[in-house]
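[1] Just to be clear, the model below is a prediction. Sequence and coordinates:
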Amino acid sequence: MGTQKISAIDLQSLGDVIGDIRNQIHPRNVAFFQDYVEVHLKQFHTIMIESGALSGTNPSSSSASGGGGGGASNRK
């Protein structure tokens, strides 16, 4: 990525694709998918917000945005 800014739409699109994949995999594999893929997506999202790498954001306002994290508490 280098110094390129990421837009909120980029992260939303990535989240949508992850959701689509989760809906297409066998139900038995959903927990593994959440543990090994989704958890990293949430970490990536949080880091981007906290670092101000999203275009149009600054790190000092990240607490107001909610961060979209959540980790294990969002799992079934």
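    The structure has been received and is ready for your questions.

[2] For the lengthiest helix in the chain, buried residues please.
    The single longest helix within the chain, with elements called by DSSP state H, is helix 8-24. Of the residues in helix 8-24, 11, 18 count as buried by neighbour count, 16 or more other Cβ atoms under 10 Å. Using the backbone N, CA and C atoms, a C-beta is placed for each residue, glycine as well.

[3] Pull up the gap between A31 and H45, please.
    Applying Cβ to Cβ, to the nearest Å, the value for A31 to H45 is 20 Å.

[4] Give me the more crowded residue out of these two.
    Per other Cβ atoms under 10 Å, whichever of A31 and H45 has more neighbours is H45, with 21 against 11.

[5] Now do the helices in the protein.
    Taking DSSP H, the helices of the chain run over residues 8-24, 30-33, 39-51, 62-65.

[6] Redo those helices as CSV? Include mean pLDDT.
    CSV is the format used below for the helices of the chain (pLDDT from 0 to 100):
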stretch, mean pLDDT
helix 8-24, 85
helix 30-33, 92
helix 39-51, 81
helix 62-65, 42
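
[7] which residues touch the residue nearest to L14 when sequence neighbours are not counted?
    Counting by Cβ to Cβ, 6 or more residues apart in numbering, L14 lies nearest to L41, which is 6.7 Å off, once chain neighbours are set aside. Residues near L41 by Cβ atoms under 8 Å, 6 or more residues apart in numbering: 14-15, 18.

[8] Okay, L41 and A31: tell me how far apart.
    Distance from L41 to A31, by Cβ to Cβ: 15 Å.

[9] do K42 as well
    Relative to A31, and taking Cβ to Cβ, K42 is found at 15 Å.

[10] same check, this time on I18
    Distance from I18 to A31, by Cβ to Cβ: 15 Å.

[11] go on, Q4?
    Counting by Cβ to Cβ, the separation of Q4 from A31 is 34 Å.

[12] One more: D16?
    Separation of D16 from A31 (Cβ to Cβ): 21 Å.
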